[in-house]
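Novice: Make a model of this:
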Amino acid sequence: MRRNPWSALAVLALAQFMVVLDVTIVNVALPHIQADLHFSPSGLQWVISAYTLLFGGFLLLGGRAADLIGRRTLFIAGLVVFGLTSLLAGLAQNPEQLILTRAVQGLGGAMLSPAAFAILTVTFARGRERNIAMGVWGGLAGLGGTLGVIIGGVLVDSLSWRWVFLVNVPIAILLASVTAVFVAESRVRPAGGRRTFDLAGALLGTAGLLAIVLGVIRAEPLGWSSAEVIALLAGGAGLLFAFVRVEARSTAPLVPLSMFRSRGLSTSIVALALNGGAFLAMFFLTAIFLQQVRGLTALETGLQFLPMGIAAIASALIAAQAVTRLGTRPVQIAGGALSVIGLLLLSRADATGSYALTILPGIVLFGMGIIAVGTPAQIAAVADVRHEEAGAASGVVNAGYQVGGALGLAAITTIATSHATALATGGASQVSALVGGFERGLLVATVFAAANLLIAVGAPRIRPTSDQLAEAAAAA
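Specialist: All right, here's what the predicted structure looks like:
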C-alpha cells in the first residue's frame, strides 16, 4: 500500500511534540508533586533527572535497534512504553514509584525519538521536501517545549499534577493505533546478516552516569568526603572507563571513537552538554522560585515562562540566518554571551521585585542565548564527519545534551539546596533562604554558560548548507 509521506510526518511530529512537551510540562508541577508525595528538596530533581538520564543513556542504543529491528516496530514499542509509564507516573503514590516510572518513560522516549527521526529521513528524499519536513519536525518540537509550561499550568491548576503525565496516555494510544496505517516499515540489512546492538556499552555508559549523578546528589546531605559519595563517584568513573574500552573493541559500537577526531563534533558535545545543564537547572530552580517564593499558581508560572519560549523561537530564526552569513563560531559566541547576561540578571530576582524589571529581561536573553549556542553547535557536530556516521554523530550530541542536562541539574541544584539549608540553619527566614539558594544556583549555571563561551571561541567556523540547517533545526 502506498502511503502519503505527509501523513507519516504528522504522526512522527506529533510523537516528538509529546516527548518534548513532557520535559517542560513537568517543571511547573514540581512544587505540587513535592508537597503531595513528600519529596525532599534534593530528591525532587530526580523527577527530571531520571527521565533525562535514561533518555540520553539509551538514545544511541535506540537508534541502532531501530535500524536493525525495524524503525516502525521500535517506534510503536516506544509509544506503548511511553504511554504506559505516563499512566503509572500519574498514579504514583510515593517518590520511589514516580522516579522509577519516569526512568522507564525516558527509556520509551529513547526508543521512539530516534526511530521517528530515522523514519523521517528515509521517507523524504534529500532536498527541498526533506528540508520542509525537518522544519515542521523541529518547529513542532520547539512549540512543544514552549507550550509545555502553559499546558502544565492549566492542568495543575484545574485538575491535578497527575494530569501532566496522564495527558500523554490518549495521545500515545492514538499514535500507536494509526502508525501502521500511515508509516511504512524500514530497516537496515546488516552485513553478514548479524544484528549487533552493543547492549553492554549502553548499560555501562548509563550505569556510570547514574552513579556519578547519585554521588553528586548524596554529597549534599553526606559531604563530599563521605565513603558513599567517593564510592559512587569512583564507581561511576570506572564504569565509564569500561564503557570506552568496550566501544573501542566492539565490532558495532554505539559510539565510533574515531568520530571524536572531529574538532567540530568534540566541541559541540561539550557545548550542548553545558547548554543542557544550564537550561534544566535554570528551569527547575525558577519554576520552584516563582511558586514557593513569589506565590504564583502553576498557570501564572507557565505564563511568566512564555516569553522565554517566544524568544527561543525568534532566536532560532535569527540564528539560522546569521550562521549562513557569518558562520557558526560568531553566532555561538554571541549565544554564550547572551546566556551569561541573562542568568546574571535573573539571579538578582527577589521575592517582591517587578516581573518586568527583575525576571523578564533575564529569561528573554537566556532563551535567545541557549538557541544561539545550540543551532551552530548542532551544525558543527555533523559538518566534517563521514556521511555514513552522520546519524551516529547526531545521536551522540543529542545524548550529550540530555546527559549533560542531568549532570548539570544534579550539581547545580545540590549546591543551591546546600546553600539554602545553610542559610535556614543560620536563622534566615524560609523565603530568604530560598531566594539565597536560587541566586547561588543561577550563579553556578552562569559558570556553565561562561564555560560555553570559552568553548565557542575554540569551535570551528563553518558556513552551513541548507540541508545542514534543516537537520540542525530538526535535531535541536
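
Novice: longest helix anywhere in the chain?
Specialist: The longest helix of the chain (DSSP state H) is helix 390-425.

Novice: Show me which residues of that one are buried.
Specialist: Buried residues in helix 390-425, counted by 16 or more other Cβ atoms under 10 Å: 390-421, 423-424. All C-beta spots, glycine's among them, are computed from the backbone N, C-alpha and C.

Novice: ok, and what's touching stretch 406-416?
Specialist: With contacts defined as Cβ atoms under 8 Å, 6 or more residues apart in numbering, stretch 406-416 is touched by 42, 45, 48-49, 52-53, 56, 209, 212-213, 216-217, 219-220, 273-274, 276-278, 280-281, 284-285, 437-438, 440-441, 444-445, 448.

Novice: looking at it, R102 is touching T52, isn't it?
Specialist: No. Judged on Cβ atoms under 8 Å, R102 makes no contact with T52 at a distance of 9.4 Å.

Novice: per-domain residue ranges of the protein.
Specialist: Split into domains by automatic domain parsing, the chain comes to 1-196, 199-249, 257-476.

Novice: Next SSE downstream of the longest helix of the chain?
Specialist: helix 430-457 (DSSP states H and E).

Novice: where's that next one relative to the chain centroid, distance-wise?
Specialist: In terms of Cα atoms, centre = their mean, to the nearest Å, the centre of helix 430-457 is set 18 Å apart from its chain centre.

Novice: how about it: buried residues?
Specialist: 432-446, 448-453, 455-456.

Novice: same deal with stretch 236-249?
Specialist: For stretch 236-249, by 16+ other Cβ under 10 Å, it's G236, L239, L240, A242, F243, V246, E247.

Novice: same question, stretch 317-324
Specialist: For stretch 317-324, by 16+ other Cβ under 10 Å, it's I318, A319, A320, A322, V323, T324.

Novice: pull the CA atoms of it into CSV?
Specialist: Output of stretch 317-324 as CSV, limited to C-alpha atoms (Å, rounded to 0.1, in the frame of the first residue of the first chain):
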residue,chain,number,x,y,z
LEU,A,317,15.0,32.0,13.0
ILE,A,318,17.7,34.7,13.6
ALA,A,319,20.5,32.2,14.3
ALA,A,320,19.7,30.2,11.1
GLN,A,321,20.1,33.4,9.0
ALA,A,322,23.2,34.5,10.9
VAL,A,323,25.1,31.3,10.6
THR,A,324,24.7,31.3,6.8
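
Novice: and it, what's its mean pLDDT?
Specialist: Mean pLDDT, computed over stretch 317-324, is 81.

Novice: mind checking how far it is from the chain centre?
Specialist: On Cα atoms, centre = their mean, the centre of stretch 317-324 falls 22 Å from that of its chain.

Novice: One more: stretch 38-55?
Specialist: The answer for stretch 38-55 is 13 Å, by Cα atoms, centre = their mean.

Novice: Is A141 in contact with F17, as I believe?
Specialist: Yes. When contacts are counted by Cβ under 8 Å, A141 is listed as touching F17 (6.4 Å).

Novice: Distance check, M134 against Q292.
Specialist: Separation of M134 from Q292 (Cβ to Cβ, to the nearest Å): 40 Å.

Novice: In terms of neighbours, single out the busier of these two.
Specialist: M134 (23 against 18; other Cβ atoms under 10 Å).

Novice: Give me the pLDDT value at that one.
Specialist: In this prediction, M134 has a pLDDT value of 70.

Novice: Which strand or helix spans it?
Specialist: helix 128-158.

Novice: need the next SSE after that helix, C-terminal direction.
Specialist: According to DSSP H and E, the helix or strand after helix 128-158 is helix 163-166.

Novice: Toward the C-terminus, what is the element adjacent to that next one?
Specialist: helix 168-182.

Novice: State the mean pLDDT of that next one.
Specialist: The model assigns helix 168-182 a mean pLDDT of 91.

Novice: now swap in stretch 359-366 and tell me
Specialist: 94.

Novice: Mind checking which of the buried residues of stretch 317-324 land in helices?
Specialist: Reading helices off these with DSSP H, I get I318, A319, A320, A322, V323, T324.

Novice: contacting residues around the residue nearest the centre of the chain?
Specialist: Most central in the chain under Cα atoms, centre = their mean is Q402, positioned 4.3 Å from the mean C-alpha point. When contacts are counted by Cβ under 8 Å, 6+ apart, Q402 is found next to T52, L53, F55, G56, L59, G276.

Novice: Pick the one among the residues you listed closest to A29.
Specialist: T52 (16.2 Å; Cβ to Cβ).

Novice: distance of the closest one from V20?
Specialist: 12 Å.

Novice: can you check E96 too?
Specialist: 26 Å.

Novice: Between the two, which has more neighbouring residues?
Specialist: V20 (21 against 12).

Novice: Let me know the helix or strand that the more buried one is in.
Specialist: helix 5-25.

Novice: Could you list every helix and strand in contact with that helix?
Specialist: Using 3 or more Cβ pairs under 8 Å, 6 or more residues apart in numbering; DSSP states H and E, the elements in contact with helix 5-25 are helix 46-57, helix 71-90, helix 95-123, helix 128-158, helix 168-182.

Novice: Which positions within the third one qualify as buried?
Specialist: Meaning helix 95-123. 95, 98-121, 123.

Novice: ok, now stretch 24-36?
Specialist: T24, I25, V26, N27, V28, A29, L30, P31, H32, I33, Q34.

Novice: so the fourth one sits right up against V149, yeah?
Specialist: Looking back up the chat, that one is N27. Yes. Counting by Cβ under 8 Å, V149 is a contact partner of N27 at 6.8 Å.

Novice: where does the stretch 301-450 of the chain have low pLDDT?
Specialist: 382-394 (pLDDT under 70).

Novice: low-confidence ranges in the stretch 51-200 of the chain?
Specialist: Judged by pLDDT under 70, the stretches of the stretch 51-200 of the chain that qualify are 126-128, 131, 135, 138, 142, 188-197.

Novice: redo that, cut-off 80
Specialist: Applying pLDDT under 80 to the stretch 51-200 of the chain flags the ranges 57, 60-61, 63-68, 117-118, 121-122, 124-146, 184, 186-199.

Novice: How far does stretch 28-47 stretch from one end to the other?
Specialist: 12 Å (Cα to Cα, to the nearest Å).

Novice: Please list all residues in contact with Y51.
Specialist: So Y51 contacts D22, V23, V26, R102, A103, Q105, G106, G109 (Cβ under 8 Å, 6+ apart).

Novice: Go again with 10 Å.
Specialist: Contacts for Y51 (Cβ atoms under 10 Å, 6 or more residues apart in numbering) come out as 22-23, 26, 85, 89, 99, 101-109, 402, 405-406.

Novice: Look up how far Y401 lies from A311.
Specialist: Distance from A311 to Y401, by Cβ to Cβ: 19 Å.

Novice: One more: I76?
Specialist: Distance from I76 to Y401, by Cβ to Cβ: 25 Å.

Novice: Now do the same for A475: its pLDDT.
Specialist: 54.

Novice: Report how many residues lie close to L84.
Specialist: L84: 18 neighbours (other Cβ under 10 Å).

Novice: and if you look at A176?
Specialist: 20.

Novice: Contacts only, for it.
Specialist: V11, A15, F75, I76, A77, G78, L79, V80, F82, G83, L112.
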